[in-house]
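Visitor: Please work out how this folds:
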Amino acid sequence: MLGLFFSLLAIIGWSAYPTLVSYFGGKPVQGIFGATWGTLIVAIVLSLVTGMPMLHGSNFWLAFLSGAAWAFGNVLTIMAFGMKDQEGNALGSAKAMPISTAFQITANVVWGVLMLGNWGPVSSKTYGFIAVVIILIGAYLTTYQEKKSAGNKELLTKAVGVLLIAQVGYSLYGILPQYTKGTDGMHMFLAQAMGMAAFGLVLGIYEVSKNNNNIFTQSVTYKQIFSGFFFAMAALGYLVSAQPAMLGLATGFVLSQVSIVGATISGIIVMRTKKTGKEWLVIAIGLVMIVIAAAVTVFLKN
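Guide: Now for the predicted structure:
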């Protein structure tokens, strides 16, 4: 039950986070700086309140590097949000997130099952992989567009390439914490947030020196910190729920990705994306498939 509670935090946080990033706008570097430093602020407050000690040795570096890896993947994902077709229409989080989710689920489940021994019995593996396939189909349905243009297809192709590269960072974000020893997700959170914030700061300094664009004097940079608070909720929830003593990587990650439901709907509504009745129907079917299939993974034996 505790694992499910933290998984719920991940669902809520990741439902709101991508929509807020798109809503506040700015350049991808501003989105990543705000998200990472918002997460660091939450992690510091949590550590002070609970009195948790700092990790050291290999445990610290595994958590730190996993955070930096996430930041790498996320800056590319934010770039995908803002990619535009020939008519100037942005891809947006509602379309980019399902694609990213499909890649992340596939990579993390395969690693969790093959390398970490999640879903041990053959029956669990069978039902688990069927559930993943259903989730991937559901994610694909959420990108449905009744009238497709050549520019739209080209945009999706480019976005897939960017999101595949981003997946390298996301995979390391989920995998590296699994190899820490004698600690748990709560104690890893601060070190992970430090890795995220370090990457965000380096990107910010690079933007200032390379493009002569001082993001540190622009209000949108600090508005994005608010989106970071929601990501912090998600990161903590996922980090704890995916631990072997909780739900494990495979189930913990699949459940966290139910957030695609909130991210897709809020992205469409907040960004005022027009949808036809048929598009809403197909999207709704895809979202229901995701929720049902993800729920199945909760009952699989490790």
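Visitor: Next, find the distance separating the residue lying closest to residue 72 once chain neighbours are set aside from residue 288.
Guide: Spatial nearest neighbour of residue 72, chain neighbours left out: residue 169 (3.8 Å); criterion: C-beta to C-beta, 6 or more residues apart in numbering. For the C-beta atoms, the positions are set from N, CA and C on the backbone; glycine is no exception. In this view, residue 169 and residue 288 are 30 Å apart by C-beta to C-beta, to the nearest Å.
Visitor: Residue 155 too?
Guide: When C-beta to C-beta is the yardstick, residue 155 and residue 288 sit 27 Å from each other.
Visitor: Same question for residue 103.
Guide: 21 Å.
Visitor: which one of these two has more residues nearby?
Guide: More crowded of residue 103 and residue 288, by other C-beta atoms under 10 Å: residue 103, with 19 against 13.
Visitor: my guess is the more buried one meets residue 164, correct?
Guide: Yes - counting by C-beta atoms under 8 Å, residue 103 touches residue 164, with 6.5 Å between them.
Visitor: Number of residues surrounding the nearest residue to residue 176 once chain neighbours are set aside?
Guide: Setting aside the residues directly before and after it, residue 176 is nearest to residue 66 in space (C-beta to C-beta, 6+ apart), at 3.9 Å. With neighbours defined by other C-beta under 10 Å, the count for residue 66 comes to 25.
Visitor: I'd guessed residue 66 sits against residue 195; true?
Guide: Yes - assessed by C-beta under 8 Å, residue 66 is found in contact with residue 195 at 6.6 Å.
Visitor: okay, and the common contacts of the two?
Guide: Counting by C-beta atoms under 8 Å, 6 or more residues apart in numbering, no residue touches both residue 66 and residue 195.
Visitor: tell me what the helix or strand hosting residue 45 is packed against?
Guide: Per DSSP states H and E, residue 45 falls inside helix 28-50. Contacts defined by 3 or more C-beta pairs under 8 Å, 6 or more residues apart in numbering; DSSP states H and E place helix 28-50 against helix 2-24, helix 57-82, helix 185-211, helix 219-241.
Visitor: which parts of it are buried?
Guide: Residues of helix 28-50 classed as buried by neighbour count (16 or more other C-beta atoms under 10 Å): 28-43, 46-47.
Visitor: tell me the angle of that helix relative to helix 2-24?
Guide: Here helix 28-50 runs at an angle of 140 degrees relative to helix 2-24 (axes from the mean of the first three to the mean of the last three C-alpha atoms, to 10 degrees).
Visitor: Nothing else from me, thank you.
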